[in-house]
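Asks: predicted structure and sequence below. I'll ask about it afterward.
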Amino acid sequence: MSELKNIPNVGKATEQDLLAMGYTDIDSLKGVSAQTLYEQECALRGFTLDRCQLYLCRAVEYFVNTDRPDPQKCKWWFWKDEFVLPSPCGAVCAECARFPAECGGCRKIEGKVFWLQYTGQPVCAVYDCCVNGKKQQDCAACAELPCARFTADPTISPEENEANLQAMVARLKARQTNG
């Protein structure tokens, strides 16, 4: 048994695949993207693996590249597309410190985010417009991006809000460009 078995979700088969792909210890996985691991494993096996293996690879990437990984976030099912792909506003649920212990992710909670208690709104205005109103997955295709519906998180500084807004818009524009 190698130290790779110390990584959450890595069982005997995944350990053997990682070893066969040249990853001998946890340090050898640092900086390797989940997508790369998944593609290498598909090539090793000679066929496209179930997408759940990609989710496992994402959990592995999180674990090996995070100084103090949250044990709750190490569960592979928290790395499914619904938590990794941008939410309607462009935030990534899996990156949020409140996920999954305090928040189940925007799509699961249907836009009823924690900061609404400070704004008095019943649902996030971006979620409401995008998902409930326009029936879109996210705001990537919206001509108004970013619009006035993007609400600042009252629990963080204006500088953090600005940085978050820039990152969210960049993700959405990348989706717009890359489809």
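Replies: Good, I have the coordinates.
Asks: C-alpha from now on. contacts and neighbour counts both.
Replies: OK.
Asks: can you pull the buried residues of stretch 3-11?
Replies: Neighbour-count burial for stretch 3-11, counted by 16 or more other Cα atoms under 10 Å, picks out 4-5, 7, 9-10.
Asks: likewise for stretch 138-152?
Replies: For stretch 138-152, by 16+ other Cα under 10 Å, it's 138-141, 146, 151-152.
Asks: same deal with stretch 121-132?
Replies: Buried-residue list, stretch 121-132, by 16+ other Cα under 10 Å: 123-131.
Asks: and which of those is nearest Leu29?
Replies: Among the buried residues of stretch 121-132, Tyr127 lies closest to Leu29 (Cα to Cα), at 36.1 Å.
Asks: now the element after the helix or strand where the closest one lies, going C-ward?
Replies: Element membership of Tyr127 [criterion: DSSP states H and E] is helix 125-127. On the C-terminal side of helix 125-127, the nearest following helix or strand under DSSP H and E is helix 158-178.
Asks: mind checking the SS state of the residue nearest to Phe63 when sequence neighbours are not counted?
Replies: In this structure, Phe63 finds its nearest non-sequential neighbour in Pro69, 5.6 Å apart by Cα to Cα, 6 or more residues apart in numbering. Following DSSP: H, G, I helix; E, B strand; the rest coil, Pro69 is assigned to coil.
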